[in-house]
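> Sharing a sequence plus its predicted fold:
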Amino acid sequence: MADRLTSQMLASALVRRAGQEGGFATVVRRGDEVAGTILLNCLEKGADCGLCERMPDYEGGYRLAHCGPAPGAPPEETALYLERRVRSDPDIWIIELDIPDAERFAAEIIC
């Protein structure tokens with residue numbers, strides 16, 4: 001089995017790089033340090049751009065897939081979705097990422 005970076009290392013790299021690029025990222029919820037799913041709440045200048053999560057792809061790598069309510073949905077809807085995800089997967093990481101083109105930026109770092 002090939003070595004891979006832990007979820008904690010990926011989350012730390014994402015937060016650090018966002019700061020270096022003039023954006024903002026914070027870990028809202030810490031999950032399993034080794035293999036927790038990473039879910040991103042993407043924003044651009046505070047405006048909701050939607051949720052996406054890191055998922056394995058068919059080529060042996062990873063990709064970001066949209067999940068949850070559509071961008072611009074009421075905040076209560078997003079909060080309920082995140083609450084359900086945490087209940088069903090207590091190992092999940094939730095990271096808020098506020099940077100231009102947040103999905104592309106995250107994909108370059110964690111996928």
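That came through fine.

> Break down this structure into its strands, ranges please.
In the chain, the strands defined using DSSP state E lie at 24-29, 38-44, 47-56, 62-67, 93-98.

> Kindly reformat those as CSV containing mean pLDDT.
As requested, those are exported to CSV (pLDDT from 0 to 100):
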stretch, mean pLDDT
strand 24-29, 98
strand 38-44, 97
strand 47-56, 95
strand 62-67, 96
strand 93-98, 98
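
> Tabulate these (CSV), appending distance to residue 80 and mean neighbour count.
Where you see a C-beta, it was placed from the backbone N, CA and C, and this is true even at glycine. Formatted as CSV, the strands of the chain follow (distance: least, Cβ to Cβ, whole Å; neighbours: other Cβ atoms under 10 Å):
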stretch, distance to residue 80, mean neighbour count
strand 24-29, 15, 16
strand 38-44, 14, 22
strand 47-56, 12, 17
strand 62-67, 13, 15
strand 93-98, 14, 21
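
> For the residue nearest to residue 100 when sequence neighbours are not counted, name its beta-bridge partners.
Nearest non-adjacent residue to residue 100, counting by Cβ to Cβ, 6 or more residues apart in numbering: residue 44, 5.7 Å away. Taking DSSP bridges as the rule, residue 44 bridges to residue 47.

> Does residue 44 touch residue 98 like I think?
Yes: contact criterion Cβ atoms under 8 Å: residue 44 and residue 98 qualify, at 6.9 Å.

> if I look at the residue most central in space within the chain, how far off is residue 3?
With distances taken as Cα atoms, centre = their mean, the residue of the chain nearest its centroid is residue 40 (2.3 Å). Look at residue 40 and residue 3: by Cβ to Cβ, to the nearest Å, they are 24 Å apart.

> got a pLDDT number for residue 1?
Looking at residue 1, its pLDDT is 46.

> Contact partners for the residue nearest to residue 100?
98, 99, 100, 101, 102 (Cβ atoms under 8 Å, 6 or more residues apart in numbering).

> If we ignore the residues flanking it in sequence, what's nearest the first one?
What that stands for is residue 98. Spatial nearest neighbour of residue 98, excluding adjacent residues (Cβ to Cβ, 6+ apart): residue 43 at 4.1 Å.
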